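# for reference, the sequence and a predicted model appear below.
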Amino acid sequence: GSGTTAVMMGALISYGVQPGPRLFVEQPEVFWSVIISMYIGNIVLLVLNLPLIPYISRLLALPQQLLVPFVLFFSLIGVYLVTFNAFDIHMMVIAAAIAIGLRLLNYPMAPMLLGFILGSMMEENLRRALMISDGSLAFLWERPITLVILLLSALFLSAPLVGNLRQWVKNRKAVPNDGEF
């Protein structure tokens with residue numbers, strides 16, 4: 001699926017809802033409430049946005065150099081107003097730097113967003129597993145299935161880096177070095 005699907009599934013899982021075909025049978029109230037809220041939201045957006053179409057189209061005609069500072073300003077204000085904590089602004093800047101770096105390395109953004117959404121749940125469950133195992137990390141490789149998952153994760157995470165490194169080495173060999181700068 002798409003990145004949107006991954007984020008939606010992550011949000012459902014974080015609320016204890018198991019997505020899949022059994023969702024219609026096991027929790028129909030969740031399914032139908034999402035469908036109905038989507039219809040209501042679309043109707044409200046249609047009513048609100050139809051009169052605003054001429055103004056929104058003019059806004060999109062603004063040059064990017066003028067639009068980006070406004071978007072950045074309102075993003076920073078929004079992040080601060082959620083908890084009134086300056087630390088959140090620092091976290092936003094760090095996340096933006098990581099996102100820019102990942103984009104330069106051609107990494108998709110959906111896994112990063114999914115990591116932000118599911119990170120706290122993963123951390124909580126890791127803490128719980130460490131308490132059960134008396135603080136030992138050995139449970140991560142004692143069972144074959146967890147070892148296979150760890151190895152596959154490491155392989156998939158390192159594959160793009162190895163590919164980029166090979167391309168860089170190949171490009172270095174292709175350029176003759178005369179000893180001049």
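Great, that's in hand.

# and for L130, the neighbour number?
Here the count is done by other CB atoms under 10 Å, and L130 has 13 residues near it. C-beta coordinates here come from the backbone N, C-alpha and C atoms, glycine included.

# quick check: mean pLDDT of the helix or strand harbouring it?
Using DSSP states H and E, L130 maps to helix 109-132. On average, the pLDDT along helix 109-132 is 84.

# show me what that helix is packed up against.
helix 3-14, helix 86-104 (3 or more CB pairs under 8 Å, 6 or more residues apart in numbering; DSSP states H and E).

# and the next element down the chain from that helix?
helix 139-142.

# measure how whichever helix or strand comes after that next one sits relative to helix 86-104, angle-wise.
Using DSSP H and E, the next helix or strand after helix 139-142 towards the C-terminus is helix 144-174. Using axes from the mean of the first three to the mean of the last three CA atoms, to 10 degrees, the inter-axis angle of helix 144-174 relative to helix 86-104 is 60 degrees.

# quick check: angle from helix 144-174 to helix 109-132?
Orientation of helix 144-174 against helix 109-132 (the same axes, to 10 degrees) gives an angle of 140 degrees.

# give the other helices and strands that helix 144-174 contacts.
helix 139-142.

# contacts for the helix it packs on, please.
A129, I132, S133, T146, L147, L150 (CB atoms under 8 Å, 6 or more residues apart in numbering).

# for the helix holding L130, buried residues please.
A110, M112, L113, L114, I117, L118 (16 or more other CB atoms under 10 Å).

# so who does the fifth one touch?
In this case it means I117. Contacts of I117 (CB under 8 Å, 6+ apart): V7, G10, A11, S14.

# now swap in the last one and tell me
Residues counted as contacts of L118 (CB under 8 Å, 6+ apart) are G10, I13, S14.

# how close does it get to V148?
21 Å (CB to CB, to the nearest Å).

# likewise the fifth one?
According to CB to CB, I117 stands 25 Å off from V148.

# return the backbone torsion pair for F84.
Per-residue torsions, F84: phi 60, psi 50 (degrees, to the nearest 10).
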